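Q: Sequence plus predicted model, see below.
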Amino acid sequence: MRVLIVDDEPSIRRTTRIAVESSGHTASEAPNAAKAIKAAEDEGFDAVFLDLKLGADDGMAVLDHLTKLDPAPAVILFTAYANIATAVEAMRRGAFDFIPKPFTPDQIRAVLAKVTKASTMERRVHALESDIVSAAPPVDLASEEPAMIRALQIAFKAAETNANILILGSSGTGKSVLAREIHKRSARRESAFVTVNCPSLSRELLESELFGHAKGSFTGAVAETAGKVAAADGGTLFLDEIGELPLEIQPKLLRLLQEREYERVGEARSRTADVRVIAATNRDLAAEVKAGRFREDLFYRLNVIMVSLPGLRDRRADLKRLADGTCKFFASSAGRRELGFSPQVLEAFSGYSWPGNLRELRNVIERAVILAPGARIELTDLPEEFAGPSDTNCEVGAHVSLEELESEHIRRILASSRNLDEAARTLGIDPATLYRKRSKLGLL
């Protein structure tokens, strides 16, 4: 790293420089505020050691200036006038760390190691964010359909408040995308957005993931875990597929929503958390309440603002724009500059019922971009269900065989599910059975 040492005492600058360079970093020096600010603006540094007492200059003012730079360096303050109040104020104003004088070379080396580690983690986060952005088509929340326009208006108006939001919609309609956009438009945007996938774990593990657990609270709990609620403190907690939250956990979630309190598994002490909850489900929660599978009081606590997302079959006016944007993304990823749809493909898209919604649209287009040999995607590049008559003829009560009906139902559930396990749960069969049926249907 490139390190700047700002102190009006030459001996302090020299001692610090030796410790910095012995750690493998390069060091520059500045004896006062003016030279420090100029050096930071002209050269840029990864870290700055800054004395709070610079003769007639105010170190806190220099700190304020350094933290506004882009990129801002990690600022470590040291001073002979150290006290808790000064340390707290310095950290509040953006200091990375605080070292009281007199200090040892080991303290300098230790804080530099912390800066290096933090910088490495930050680069990893940026890399992961870039990977996520590059791995998925850009979010398109525009619409020409009245139902979708109304849903977005409600969601974005509610985003400015702390109200709990319940997002309803079939699998693949973009519930998680909308939840993240609500967070970005809220006053909590600078804090964490934490997702909990309710169907993904057993009741015991889901409770631990949500609220955390104490060391030794169950077999395998070799260390304490804070949990997702603690991670979302000050931010947004997104509960995906809330309709599958076990009944045993529902009272604990209700307590969190009502009192902002919770307890870790195996711990009697109550903790507090300031979280805004957004929940999503593809189930009819009102029906689940009547069936006794979902608490009525929790339903009403979650359902302060309800947003209902229409399926893709009800967004015909948006279909071509969404398809074009998705095609452009995957074509660019595959190194193909120009790729479009034949009129027959657009007609097939318009006549298809899209049981998997936006998720299915993405999968179909990604596959077509890979297989299309020419400059246009043709019907032959699409899955076989697009080649024949519209799949709307294969419905319950239609004059089709049970085998055809089962085949079509399995296709639709697979298209609208995240993975094989989720599809198997929906169908009420084990994953091994679904795998065999999928193989028989040629869907592998």
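A: Yes, it's here.
Q: So which residue is smack in the middle of the protein?
A: Compute the mean C-alpha point of the chain, and by CA atoms, centre = their mean the closest residue is residue 193, 5.8 Å away.
Q: OK, contacts around that residue?
A: 179-180, 183, 232, 235-236, 238 (CB atoms under 8 Å, 6 or more residues apart in numbering). Every residue, glycine included, has its C-beta placed from N, CA and C.
Q: what pLDDT does it get?
A: With respect to pLDDT, residue 193 scores 93.
Q: Just list whatever residues bridge to it.
A: residue 236 (DSSP bridges).
Q: This protein - how does it break down into domains?
A: Here the domain parsing of the chain from automatic domain parsing is 2-126, 146-308, 313-440.
Q: Using TSV, lay out the ones you listed together with distance to residue 138.
A: Below are these laid out as TSV (distance: least, CB to CB, whole Å):
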stretch	distance to residue 138
domain 2-126	18
domain 146-308	11
domain 313-440	7
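Q: Now do the contacts for residue 79.
A: Neighbouring residues of residue 79 by CB under 8 Å, 6+ apart: 51-53, 59, 86, 100-101.
Q: farthest-separated two in those?
A: Greatest spacing in these, by CB to CB: 59 and 100 (13.5 Å).
Q: Compare neighbour counts for these two and give me the winner.
A: Using other CB atoms under 10 Å, the more surrounded residue of residue 59 and residue 100 is residue 59, with 24 against 15.
Q: all helices of the stretch 51-200 of the chain, in order?
A: 59-66, 84-92, 105-135, 146-159, 175-184 (DSSP state H, counting those that start in this stretch).
Q: Minimum distance to residue 223: which of the ones you listed has it?
A: Comparing the helices of the stretch 51-200 of the chain by CB to CB, helix 105-135 comes nearest, at 20.0 Å.
Q: what mean pLDDT would you report for that closest one?
A: pLDDT averaged over helix 105-135 gives 76.
Q: What segments of the stretch 201-350 of the chain are helices?
A: In the stretch 201-350 of the chain, the segments counted as helices under DSSP H, counting those that start in this stretch are 203-211, 228-231, 250-259, 285-290, 296-302, 316-333, 343-351.
Q: Including distance to residue 14, could those go into CSV?
A: Shown next, in CSV, are the helices of the stretch 201-350 of the chain (distance: least, CB to CB, whole Å):
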stretch, distance to residue 14
helix 203-211, 51
helix 228-231, 43
helix 250-259, 55
helix 285-290, 68
helix 296-302, 62
helix 316-333, 53
helix 343-351, 71
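Q: low pLDDT regions in the chain?
A: 80-84, 123-124, 126-136, 387-395, 416, 418, 442-444 (pLDDT under 70).
Q: So what's the residue count around residue 330?
A: Residue 330 - counted by other CB under 10 Å - has 18 other residues nearby.
Q: Am I right that residue 165 is in contact with residue 279?
A: Yes: counting by CB atoms under 8 Å, residue 165 touches residue 279, with 7.4 Å between them.
Q: Same drill for these two, tell me which one is more crowded.
A: Each of residue 165 and residue 279 has its neighbours counted (other CB under 10 Å); residue 279 has more, 29 against 25.
Q: which residues does that one contact?
A: By CB under 8 Å, 6+ apart, residue 279 lies in contact with 164-167, 238-239, 242, 302.
Q: Grab the nearest non-local neighbour of it.
A: residue 242 (4.0 Å; CB to CB, 6 or more residues apart in numbering).
Q: Distance from the chain centre to stretch 364-374, please.
A: On the basis of CA atoms, centre = their mean, to the nearest Å, stretch 364-374 sits 28 Å off its chain's mean C-alpha point.
Q: Got phi/psi on residue 49?
A: phi -90, psi 120 (degrees, to the nearest 10).
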